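A.B. asks: Kindly generate the corresponding structure for this input.
(4 chains)
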Protein chains: 4
Amino acid sequence: MKNVAIFGAGRIGRIHAGNLAALPGVNLKYVCDPMAAAASELAQQHGAQVSTIDAVFADPSVDVVAIASSTDTHSDLITRAAKAGKHIFCEKPVDLSVPRAEACAAAVKAAGVACMIGFQRRFDPTFNEARMRMDKGEIGNPEMLVITSRDPGAPPPEYIKVSGGIFRDMLIHDFDVFRWILCADGDEAAWLSATGSVLTDPAIAATGDMDSTAVTIRTKKGRLCQINTTRRAAYGYDQRFEVLGSTGMLQCGNHTPTEVLTWNATGIHGDKPEHFFLQRYAAAYRLEITHFFECLQSGAAFRTSIADGVAAQKLADAATESCKSGQPVTL
Amino acid sequence: MKNVAIFGAGRIGRIHAGNLAALPGVNLKYVCDPMAAAASELAQQHGAQVSTIDAVFADPSVDVVAIASSTDTHSDLITRAAKAGKHIFCEKPVDLSVPRAEACAAAVKAAGVACMIGFQRRFDPTFNEARMRMDKGEIGNPEMLVITSRDPGAPPPEYIKVSGGIFRDMLIHDFDVFRWILCADGDEAAWLSATGSVLTDPAIAATGDMDSTAVTIRTKKGRLCQINTTRRAAYGYDQRFEVLGSTGMLQCGNHTPTEVLTWNATGIHGDKPEHFFLQRYAAAYRLEITHFFECLQSGAAFRTSIADGVAAQKLADAATESCKSGQPVTL
Amino acid sequence: MKNVAIFGAGRIGRIHAGNLAALPGVNLKYVCDPMAAAASELAQQHGAQVSTIDAVFADPSVDVVAIASSTDTHSDLITRAAKAGKHIFCEKPVDLSVPRAEACAAAVKAAGVACMIGFQRRFDPTFNEARMRMDKGEIGNPEMLVITSRDPGAPPPEYIKVSGGIFRDMLIHDFDVFRWILCADGDEAAWLSATGSVLTDPAIAATGDMDSTAVTIRTKKGRLCQINTTRRAAYGYDQRFEVLGSTGMLQCGNHTPTEVLTWNATGIHGDKPEHFFLQRYAAAYRLEITHFFECLQSGAAFRTSIADGVAAQKLADAATESCKSGQPVTL
Amino acid sequence: MKNVAIFGAGRIGRIHAGNLAALPGVNLKYVCDPMAAAASELAQQHGAQVSTIDAVFADPSVDVVAIASSTDTHSDLITRAAKAGKHIFCEKPVDLSVPRAEACAAAVKAAGVACMIGFQRRFDPTFNEARMRMDKGEIGNPEMLVITSRDPGAPPPEYIKVSGGIFRDMLIHDFDVFRWILCADGDEAAWLSATGSVLTDPAIAATGDMDSTAVTIRTKKGRLCQINTTRRAAYGYDQRFEVLGSTGMLQCGNHTPTEVLTWNATGIHGDKPEHFFLQRYAAAYRLEITHFFECLQSGAAFRTSIADGVAAQKLADAATESCKSGQPVTL
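C.D. replies: Sure, this is the predicted structure:
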């Protein structure tokens, strides 16, 4: 039985807590959150106790910490957890600063603890099936990847201001998908060009960020990746990718709430995609935390290591720079 | 907190036990099964105790019994549970004999206990969405229903021999769907014609049963329903229906494991439907048991009453008779 | 160069005339229609001459007559054409009366002329592809066929009165599809049950006909076919079938005007099917007339012979009788 | 009746000749081609005469010339046709050199003749439906366009060498689609970045060209367009685009030969897209030539003017330059 403490009782913390509580062999022991009411409610729901960060790190019975607190706390918590000898599951990103993220990776390595970063898209049943078909050779050598990644609506300007910008906040997932899908054989990004606009809301322009972006990456082997994103798609949350290989293409579609089609005088009408990430990636969140404990048990490497977290962050930095300068970045 | 005892630790019992154990406000207290090892394993998995039928009925702390044992035990357990004042969730069917099913319904009524029959298709997210769109008037007055209901493979001949025949064993679900979708306004079947063949396996003919059937029902209001079934569809488990109304049609498709399409030199290839009923109806099983306890709490009527169980059984009898005689049955 | 005379300058006559005029090796020489203006306009459009039935039969330069006049004229024109030694392309049906249809077949045989009946669905690219895949063995032995055949709206009551009823008027096509798909190995219908209702318009009831039907056919080999039809589907013209075989299923969908999907806040929206038969079967009409002349040239058998026309008519009679009596018909 | 001469009796010339011959009010009078046999065969097929370029320009009975000869002859033929006072339908591109294309536009303007460039994609029923829905305001203000444009296989290296490179040869269509879809309100490209690789065949590298490209365009209004192309998609000819607007998205799919799905033990299998451009754009070629004569008659502006041809060429030049330099181009 592994004892786990979770940091963060917000939206994503509650998801992870529910999944942790349902896992055999796992005991959700502590919940920590600066908002006492949130911590208390979540702890009660799963028969856990409210605690504090300090107490958790001091408690030798705690095997694992799950970090689901705000982004600016991640690097500090990872570093402290590593020093305290706790294994770590941390929501993406490691940190908005690449040097700090690299320092975390070093601390983890020095402490010899396990650390997995929660890039949940790699656990989405559809996306992961594509990866597995590639591994079986179903499309030959990968050549091109087109990622469509659109949110149903923008967060408030206050959030955007501290988000690190759209490339670090939203495309971090897409950069990880790019590496997962096109670089599995050790290939890496060699050239990146990014551009963007504010098209949906002038309030976003006022924060200095953008809401619509187009990124192109060329790898060392000449593979091509295009990513298109918006913070506001009127039809909802759109998460798809297509990977073209030498012998075929894999096309990953959205998930929908139901499989009902309505046929009437105006056409044939199907469901919009699942509402947002909590719905689309419900299975992925469950599968990633299961994977974490399976790897802890078996000693196998995590599918999404802290090195993956650092690498995605570097691409986000490159995109931010390219978009500002209007020039491509060579990596 | 409601204390629950489950009868049956087989395939479907394990599904219900897992869902019961995860429900807030529900305590899975006892597991009963003639196979001691199965009962013990299931009880241990969910922190319940192994018990016996007699002990359960004698224990005043038990509020609810969930009947997931073999079909031939259902009517006896329902009757005893009613007498013991326990609320009842019972897997379909009530009983293969209509008179015994009616006796169960009478016993339940006399005892004043709640009794829900587990027709899980009414809780399938896709099928139920269609019902809700009909309730909102999206297709006007329903006129025709076409049900495709196909299994991936036949059970062993020993099972088929005691199954009551394909109409009572397999189509019982489809008869319930027919009533749910076409008869919500009090309409009922008026005329039924059934035919069938053995096309997939001569061993099925040896049992006196069939593997392929075609049923037509006309209601009092003149609505039409066609059901086609097979025990062996080479491509898997196929569960669809289409309901045509005066202003449109609702088409309910299969669920698939993933949303990946492979494009290659031989075409564009998608997933088969979910493997079988445990996969396709995983959400439905969870939702129906949730509904049961919500209704217990609120006093609302169950979506699938014991009267629905009896009514579906009568249609199965009529189909069996029609198929044997080659003549339609007037109801 | 084959000289052709067309009888009938109405809706379907104009389709055939256009296709005839575009065929290499074919000269559309004459157009005949009791409506002088219609005949004249159509003749002028294709550089043909207006003529009369008598003159056509008397003209030795005419090789082929294409009969696209009203149904009640078909049998007389076939018989006269056969006597005059002209090859015959005749729109379905041969005749609403089976004995008269059989007399036509006898006359054609006696005269040794070629005669093809225009069941255009057998030339639809989608439907015919399914037939070809069956011929290649892609689904093994056929077991079940489900046909959905729905019109966008009913013709006027005056037409319905003289139409021979919905089974002879509308389902004649579906009976032909049944034989084409399930009986290619010499199997034939053994048992047929039909029922129906008036659900869309009381004016149809006043004519003694129905607007909604459900037919089941069992063949000598035990194969099953279900047909569902309506004269009024609110969403348009719906022409689909699914054939289940021992190793797979072929599913034939509708054709649509475009491949545009609109994604918006209310869902994902696609085109309705092609408007009606002239649009859906535009390619089929072109392909069937091409096939007619290719067979004339090569001596190959027509895909849709006059015997097929007679056989479909017998099934329409059986369905009409079954629907009236409420009893199945053994064939 | 308009008399037309066609230059070019190759693959695309035969398509245009067939469509011209079928148009009411149009007389395909002359066919010219340096390959005498090809000219003769095509002329004979449509009842036209073989002629020469000089004779055509000297013949006052010729109203229109249709230029379907090799790319390197286009600008000379346009200029001569303009001087001769003939109206012009010319296959894309105007010329591989922008200055020569501009000279053609000037010659056309000076002569006061009509000149349409054959960008057939604007006449594809699916693509044009998207444009019409945008015109009706169905997706609000356009924001992003993603174009997937892939050939089933590369032409021979000898062709590639003189093709002007992939941006001028293949993407010229996509640049036109970009302008048609995103710039209908007078917006224009402001910034373009292109990259590419040789991934499918080293023989292409030897020609100095590429086979896989990724282009991004940002417009003056900040709209974003991404284009991905390959000369060799293993699954065939893939022609799609998606345009995101402020209130929705239009997604244009491929056309398929049939609507048959095969369901079997390995999944659900549909058709590949139509084989290549002659199949996919068969309707488009017919509709564009119809449009040409309708505009000649009515005096309406062509959907695809010579100015559109010049503008697309400029984008192809910019992409070629950007791809070589690795730097974006400001327009």
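A.B. asks: which bits of the stretch 201-331 of chain A sit near chain D?
C.D. replies: Residues of the stretch 201-331 of chain A lying near chain D by Cβ under 8 Å from any Cβ of the partner chain: A:212-214, A:216, A:218, A:222-226, A:228, A:230, A:233-235, A:238, A:242, A:244-249, A:326-328. Yep, even glycine has a C-beta here, placed from its N, CA and C like the rest.
A.B. asks: which of those are buried?
C.D. replies: Listed as buried from those are A:212-214, A:216, A:218, A:222-226, A:228, A:230, A:233-235, A:238, A:242, A:244-245, A:248-249, A:328; burial here means 16 or more other Cβ atoms under 10 Å in any protein chain shown.
A.B. asks: Show me these that map onto strands.
C.D. replies: Members of these lying in strands (criterion: DSSP state E): A:212-214, A:216, A:218, A:224-226, A:228, A:230, A:238, A:242, A:244-245, A:248-249.
A.B. asks: any idea which of the residues you listed is the one closest to A:Arg286?
C.D. replies: A:Arg286 lies nearest to A:Asp238 out of those, by Cβ to Cβ, at 22.1 Å.
A.B. asks: quick one, what contacts that closest one?
C.D. replies: Applying Cβ atoms under 8 Å, 6 or more residues apart in numbering or on different chains, one finds that A:Asp238 lies in contact with A:Thr148, A:Ser149, A:Arg150, A:Asn254, A:Pro273, C:Trp263, D:Met249.
A.B. asks: quick one: contacts for the residue nearest to A:Ala282 when sequence neighbours are not counted?
C.D. replies: Leaving aside its chain neighbours, A:Ala282 sits nearest to A:Ile15 (7.9 Å; criterion: Cβ to Cβ, 6 or more residues apart in numbering or on different chains). By Cβ under 8 Å, 6+ apart, the residues touching A:Ile15 are A:Leu278, A:Ala282, A:Tyr285.
A.B. asks: re the thing from before, which pair of the ones in strands among the buried ones among the residues of the stretch 201-331 of chain A next to chain D spans the longest distance?
C.D. replies: Applying Cβ to Cβ across these, the maximum distance is between A:Ser212 and A:Gly248, 30.8 Å.
A.B. asks: With chain D as the reference, measure out to A:Pro157.
C.D. replies: 19 Å (Cβ to the nearest Cβ, to the nearest Å).
A.B. asks: wait, isn't that residue in contact with A:Ile204?
C.D. replies: Yes. Using Cβ atoms under 8 Å, A:Pro157 makes contact with A:Ile204 at a distance of 6.9 Å.
A.B. asks: In terms of neighbours, single out the busier of those two.
C.D. replies: Per other Cβ atoms under 10 Å in any protein chain shown, whichever of A:Pro157 and A:Ile204 has more neighbours is A:Ile204, with 22 against 14.
A.B. asks: now A:Leu96, what's its secondary structure?
C.D. replies: coil (DSSP: H, G, I helix; E, B strand; the rest coil).
A.B. asks: Apart from its neighbours in sequence, what residue is nearest it?
C.D. replies: That would be A:Gly164: by Cβ to Cβ, 6+ apart, it lies 4.0 Å from A:Leu96.
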